[in-house]
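Undergrad: Give me coordinates for this.
(chains A and B)
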Amino acid sequence: MTDSKYFTTTKKGEIFELKSELNNDKKEKKKEAVKKVIASMTVGKDVSALFPDVVNCMQTDNLELKKLVYLYLMNYAKSQPDMAIMAVNTFVKDCEDPNPLIRALAVRTMGCIRVDKITEYLCEPLRKCLKDEDPYVRKTAAVCVAKLYDISSGLVEDQGFLEQLKELLSDSNPMVVANAVAALSEINESSPTGQPLVELSTNTINKLLTALNECTEWGQVFILDSLSNYTPRDDREAQSICERITPRLAHANAAVVLSAVKVLIKMMEILAGDTEFCNTLSKKLAPPLVTLLSSEPEVQYVALRNINLIVQKKPDILKHEMKVFFVKYNDPIYVKLEKLDIMIRLASQVNIAQVLSELKEYATEVDVDFVRKAVRAIGRCAIKVEPSAERCVATLLDLIQTKVNYVVQEAIVVIKDIFRKYPNKYESIISTLCENLDTLDEPEARASMVWIIGEYAERIDNADELLDSFLEGFGDENAQVQLQLLTAVVKLFLKRPQHTQGLVQHVLSLATQDSDNPDLRDRGFIYWRLLSTDPAAAKEVVLADKPLISEETDLLEPTLLDELICHISSLASVYHKPPTAFVEGRSAGIRKTLPARQGSADDSASAPETTVIPNQESLIGDLLSMDLNAPAPSMAAPAAAPTSNVDLLGGGLDVLLGGGNDISGVPTTAAAPTTTGLLGDIFGIPSAPTMYTPPKILWLPAEKGKGLEIQGTFSRRSGQMSMDMTLTNKAMQAMTGFAIQFNKNSFGIMPHAPFSAPPLQPGQSLEYSMPLNTTGPVQRMDPLTTLQVAIKNNVDVFYYACQIPIQVLFSEDGTLDKRVFLTTWRDIPGANEVQYTLNDVKGNTDTVSNKMTLNNIFTIAKRNVEGQDMLYQSLKLTNNIWVLLELKLQPGVPTATLSLKSRSVEVAPYVFQAYESILKN
Amino acid sequence: MSCSAIYILDVKGKVLISRNYRGDIDLGVIEKFMPLLMEKEEEGLLTPILQIPECTFSYIKTNNLYIVSTTKKNGNIALVFVFLHKIVQVMTEYFKELEEESIRDNFVVIYELLDELLDFGYPQTTDSKILQEYITQEGHKLEIQPRIPVAVTNAVSWRSEGIKYRKNEVFLDVIESVNLLANANGNVLRSEIVGAIKMRVYLSGMPELRLGLNDKVLFESTGRGKSKSVELEDVKFHQCVRLSRFEIDRTISFIPPDGEFELMSYRLNTHVKPLIWIESVIERHAHSRVEYMIKAKSQFKRRSTANNVEIVIPVPHDADSPKFKTTIGSVKYAPEQNAITWSIKSFPGGKEYLMRAHFGLPSVECEDSEGKPPIQVKFEIPYFTTSGIQVRYLKIIEKSGYQALPWVRYITQNGDYQLRTN
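TA: Numbers count the residues shown, from 1 in each chain, chains lettered A, B, ... in the order given. Just a heads-up that it's a prediction; the model follows:
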């Protein structure tokens, strides 16, 4: 007899019929009916209408029936909170049942019913269950504390459950200890202050290490994960922890092994001084990591992503294990790609021959994505392992001979990189490359090929013909290819001016007259001007030596790597992103990082407000897209005075410049010293912002910006946010080609219009106000108001982070109706209320209120209670987070109390800061 | 940790059963799972972890079912995957086959199991032997309520007390799987042995077992370095084995679970000769025919014999009219796998056999290129281990003092045994 029969009733009066069955006197009938209800629930029908009838069946001594009713309750209690209260009595009674199975079941289920009214009743039974004589009940109760904390953290703290939970860490039963640890870790992670609520002491650590030997495999993972958050007092303790954890590496459960690896690597960081100990330990890590590759493919994937981190942090551990990462025919694609990545990381002079022959093999497979990556990998090997470059190039040439379209294209892209790494070494292969021009249909490959032709124009006899053939379809090309074509033709012209004048004129007119792309037009104009004023300078600029590309381009940034190492085996380690990047709110936990090495100088001085972040990812993007080398640093001659005594191009320039102002938007008076004023006009900066704007601070110091200094602030005027910057060129040469990009940020802020600053002459400053909008991609930052900015010019790309004063994000429609304010205030739970004391408050309620209104903090109501003035205020952030505030002022007293309530209470400190700064001004 | 919810979906993405553990993610997000999976598959970016703004999906696929876990936190993802596979294992032990039908047939038990396996997203009891003691399929017809087996919270959570057998016996199977990867030139790229010691335990009470192997580390530490011993590169133990004891003096001591389980596994890289070596000559005459000459050589001791040898040779998918000639065994063409299988029932050591195959090829060539699947070999060699590992003793001590008989069996078989072709 099977349960599937319960699914087969779909008559019209089903609910009605079930209702009567549920109220049947016969126990068997009742049970059958509940099963039917659960079956309906399983297939997604709404059976919440039967709530009272099902709850009536709760009082039964049949365990199976009870479990089903509990299940029903968990599913529907939230939709029927008032009726759920009916179940409380039975729960409380069941928590006292002589059978521990039922006691545990009751406390487990009660914790899952997320209805406030029920939660109140949960406390007493929970307290008893935490002290139950049966370990099964205690271990269930331990988890229940975490559940309760999730619903109402205040209750857990007030009722002393934290202390009780802490006591369970010394329980005689290992399962109870494991669950208590899991619950505590979870509570610590979601602690509102960011500080763990319960710190682990040496004593507890010892108890945990003892329990580790006895509890289930899952319990071991809980314990190991919490140990990974512990920082031992000294080397001896760290060593003893290592010794006691090392045996876990022999556990059959991959999760236990990975968590043990996490703890060990962290401890090794602390013990870095003791090289002998660390070396022995390192040797023990390799075999278990290798064995993880024989687990299920999904676990392999997690292991490989983690190994990728470990290989970057500690390259020695796996340096002899190259072969295990060889790809098998039947590996899933995600495993193949990860293995390939690690192979390249491990590639060295010792094993390169093997690696190359494998990569060549992979390049003949059928899976296109895999093949592409394999070809790319060959290029990366060439760049990484210098002595192998020649072999890699030969391999790539072999692959080009296969004439498989995507292999050829991929090969050309990587050969371009090889040329950049080893200039003037492998040009002999250019002729082979040129044979394949016709097959290239992907922009990246075309652009690479064009770059190669331009770069080596003097060695390719028919370079002009080749480029000319590309020009025919210039309009249809991708922007990347167009830019490369433009540069390549100019290079060609500079190298072989005899017969190419027509060609260069053609391409310049294509770029400047027929294109809508401002980048292309700007570059066209610059070249044109250069060529027409000073061809010698043009040569120096356009044909300048390019910086070599770096060897290992895709390493994670060291601080991120350290953070991720602390998150081994977690989701963050798979994403290679910090948890804050994908976890919302508080549950992201405290930011982890490896402890500072003992004995090494503590260089973690308090972070300055402005930090220069080398964001590896975008850096690489720029390096590889090779767009950086192309825009030639131009010695922009004063455009207003065309002193073209060497006008190679005839009168074309003047004509073009005449019209150029309208088309390109390049400010005409770029060299005029009054840039500021002019720009002010262009961008319409009003005389004084009404809203409080903090003074400009230094964002990018000149020494970090290779001469570019940026000071800035944020402002908001009539609903328009902007980033106000002063750019100063402290370098010896002019800066051009400015572009700006923001990293994803908490509020989705992005430039509303592209950055179009004119060239900046040495010693000059420029005021620039960039309008912003909030339609960009959102990613939570820590601190919340951090904005990471990348700014590019002809010199380099620079990164800095700045803090957005939160008041610029206060939107103009932040006012609320009095009643709405009141109900909202009540609806937001007490846990979301934060208080703050403001000092040095000047003025009375009216002046304060006026000041606030200017900054989009709206006063909803005023009251006077017992000599105190109460202001009720609201504001709305651009991402629709409402913040409600109560400001208590006492006339004549300089301090004021501010209470804040918001669904997203994380914003509180920033709002307080805004109050402080607004009131002070 | 912290799975927010577990779903079992059919192959089309319809929810068969689900259990919400934390209530922090709307159960309805699962609607987005299948479209996302298809999208990623199309882009060639499929991974077992899929992300949407609301949560992260982690999934495994088994028997046309997707087992999916959702989470909002930075959970321990290794644990999630190991656990998902554990769910499949437990349910398979309960229902023989985990498939759409068995889920519908047993939904009540599945709910009960899901309740016991995981609490608030934290894995709890996952030993199906123990679970079966208090969660049964027959329901509890008697009004006697089940009690929790002590084992659930015991330090020995894998064995119940009071087990009784009339005849106390232990069967030990030492199974070594040989993984081999050779390239088309005949060079061995990788060869490793993955060994496992599987046990079937039929012992009464709470027996203490101690297993002795010819472990090199142990032999050297006890001054028997000269005897024949094996260096185990990485050993993994069932949770019943006292790991700290092993770490100290390499003693494998444990209280075993009842019935069948895998006690330990080990891995070693060896440079032994491949046990069965295949040489292949493939002559491809485009548009007309393709010819295979396959030579199989057994490179182990003459005394041993490999049984049920199967050599699977990939052929082009548009090949037709197969013709075979062989000195031994039989050859079958399996068009659905694009392969021929050469089966040899018994293949003694030190022998060499030959097989020739001939296929016609269509005159019009197919557009899409095919991969080059490797030749795969399956075999079993009884009474033989490649590594030379030996069980020296298995001591069984139980307080009632009964005599128990250990039976040991050795077998070597193929693991991932791939030989690339040209």
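Undergrad: Any regions of chain B where pLDDT drops low?
TA: Counting by pLDDT under 70, chain B contains low-confidence ranges at B:1, B:137-145, B:225-226, B:366-370.
Undergrad: List the buried residues of stretch A:371-391.
TA: For stretch A:371-391, a neighbour-count test (16 or more other CB atoms under 10 Å in any protein chain shown) marks A:371-385, A:388-389, A:391 as buried. C-beta coordinates here come from the backbone N, C-alpha and C atoms, glycine included.
Undergrad: so where does B:His209 fall, helix or strand?
TA: Slight slip there: residue B:209 is Leu, not His. Here B:Leu209 sits within strand B:208-213, counting by DSSP states H and E.
Undergrad: scratch that, A:Cys381
TA: Counting by DSSP H and E, the element that carries A:Cys381 is helix A:368-384.
Undergrad: Quick check, pLDDT for the residue of the stretch 551-700 of chain A found nearest chain B.
TA: The shortest separation between the stretch 551-700 of chain A and chain B is 3.8 Å, found at A:Pro579 (distances taken as CB to the nearest CB). According to the predicted model, the pLDDT of A:Pro579 comes to 88.
Undergrad: which residue sits closest to it, ignoring its sequence neighbours?
TA: For A:Pro579, ignoring the flanking residues on the chain, the nearest one in space by CB to CB, 6 or more residues apart in numbering or on different chains is B:Asn74 at 3.8 Å.
Undergrad: ok, back up a step: does anything pack onto the helix or strand following the helix holding A:Cys381? Which helices or strands?
TA: Towards the C-terminus, the helix or strand next in line after helix A:368-384, according to DSSP H and E, is helix A:389-401. Contacting helix A:389-401 under the criterion 3 or more CB pairs under 8 Å, 6 or more residues apart in numbering or on different chains; DSSP states H and E are the following elements: helix A:352-362, helix A:368-384, helix A:405-421, helix A:430-434.
Undergrad: now the second one against helix A:405-421, angle please.
TA: Counting by axes from the mean of the first three to the mean of the last three CA atoms, to 10 degrees, helix A:368-384 lies at 20 degrees to helix A:405-421.
Undergrad: any idea of the mean pLDDT for helix A:368-384?
TA: 90.
Undergrad: B:Thr125 against B:Leu117, yeah?
TA: Yes: with contact defined as CB atoms under 8 Å, B:Thr125 and B:Leu117 form a contacting pair (7.0 Å).
Undergrad: Which one's more surrounded, these two?
TA: B:Thr125 (27 against 22; other CB atoms under 10 Å in any protein chain shown).
Undergrad: which non-adjacent residue is nearest the more buried one?
TA: Nearest non-adjacent residue to B:Thr125, counting by CB to CB, 6+ apart: B:Val152, 5.3 Å away.
Undergrad: which residues sit in contact with the residue nearest to the spatial centre of chain A?
TA: When chain A is reduced to its mean C-alpha position, the nearest residue by CA atoms, centre = their mean turns out to be A:Ala581, at 3.5 Å. The contact partners of A:Ala581, by CB atoms under 8 Å, 6 or more residues apart in numbering or on different chains, come to A:Tyr575, A:Gln779, A:Arg780.
Undergrad: Counting neighbours, what do you get for the last one?
TA: Applying the criterion other CB under 10 Å, we find 20 residues in the vicinity of A:Arg780.
Undergrad: quick one: it is in a strand?
TA: No: secondary structure assignment places A:Arg780 outside any strand; it is coil (DSSP: H, G, I helix; E, B strand; the rest coil).
Undergrad: I'd like the distance between it and B:Ser2.
TA: According to CB to CB, to the nearest Å, A:Arg780 and B:Ser2 sit 19 Å apart.
Undergrad: Pull out the buried residues from the strand holding B:Leu209.
TA: With burial defined by 16+ other CB under 10 Å, the residues of strand B:208-213 counted as buried are B:Leu209, B:Leu211, B:Leu213.
Undergrad: Could you tell me the single residue of the stretch 301-422 of chain B that sits nearest to chain A?
TA: Each residue of the stretch 301-422 of chain B has a distance to chain A, by CB to the nearest CB, and the smallest belongs to B:Gly371, at 4.0 Å.
Undergrad: Check which helix or strand that residue maps to.
TA: Once you assign secondary structure using DSSP H and E, B:Gly371 falls outside every helix and strand.
Undergrad: Run a quick neighbour tally on the closest residue to it other than its chain neighbours.
TA: With CB to CB, 6+ apart as the criterion, B:Gly371 has its nearest non-adjacent residue at 4.0 Å, and that residue is A:Val366. The number of residues packed around A:Val366, counting by other CB under 10 Å, is 12.
Undergrad: go on, A:Pro315?
TA: When neighbours are counted by other CB under 10 Å, A:Pro315 registers 12.
Undergrad: Please confirm that it is located within a strand.
TA: No: judged by three-state DSSP, A:Pro315 forms no part of a strand; its state is coil.
Undergrad: how near is it to B:His285?
TA: Using CB to CB, one obtains 49 Å as the distance from A:Pro315 to B:His285.
Undergrad: and what of B:Ile17?
TA: Using CB to CB, one obtains 55 Å as the distance from B:Ile17 to B:His285.
Undergrad: What of A:Ala286?
TA: Relative to B:His285, A:Ala286 is positioned 48 Å away (criterion: CB to CB).
Undergrad: Could you do B:Glu380 as well?
TA: Applying CB to CB, the value for B:Glu380 to B:His285 is 37 Å.
Undergrad: neighbour-wise, which of the two wins?
TA: Neighbours around B:Glu380 and B:His285, counted as other CB under 10 Å, are more numerous at B:Glu380. The numbers are 15 against 9.
Undergrad: Then that one would be within a helix, right?
TA: No: counting by three-state DSSP, B:Glu380 is located in no helix; its state is strand.
Undergrad: from what I can see it touches B:Ile411, true?
TA: Yes: with contact defined as CB under 8 Å, B:Glu380 counts as touching B:Ile411 (6.2 Å).
Undergrad: What about the residue of the stretch 301-422 of chain B closest to chain A, how many residues nearby?
TA: Neighbour tally, B:Gly371, other CB under 10 Å: 11.
Undergrad: Then the one 5 residues further on?
TA: The burial metric for B:Gln376, expressed as a neighbour count using other CB under 10 Å, is 21.
Undergrad: Same check on A:Lys842?
TA: So A:Lys842, with other CB under 10 Å, has 10 neighbours.
Undergrad: ok, B:Gly374 - contacts?
TA: Let me fix one detail, which is that residue B:374 is Pro and not Gly. For B:Pro374, the residues meeting the contact criterion (CB under 8 Å, 6+ apart) are A:Tyr329, B:Pro314, B:Gln418, B:Leu419, B:Arg420, B:Thr421.
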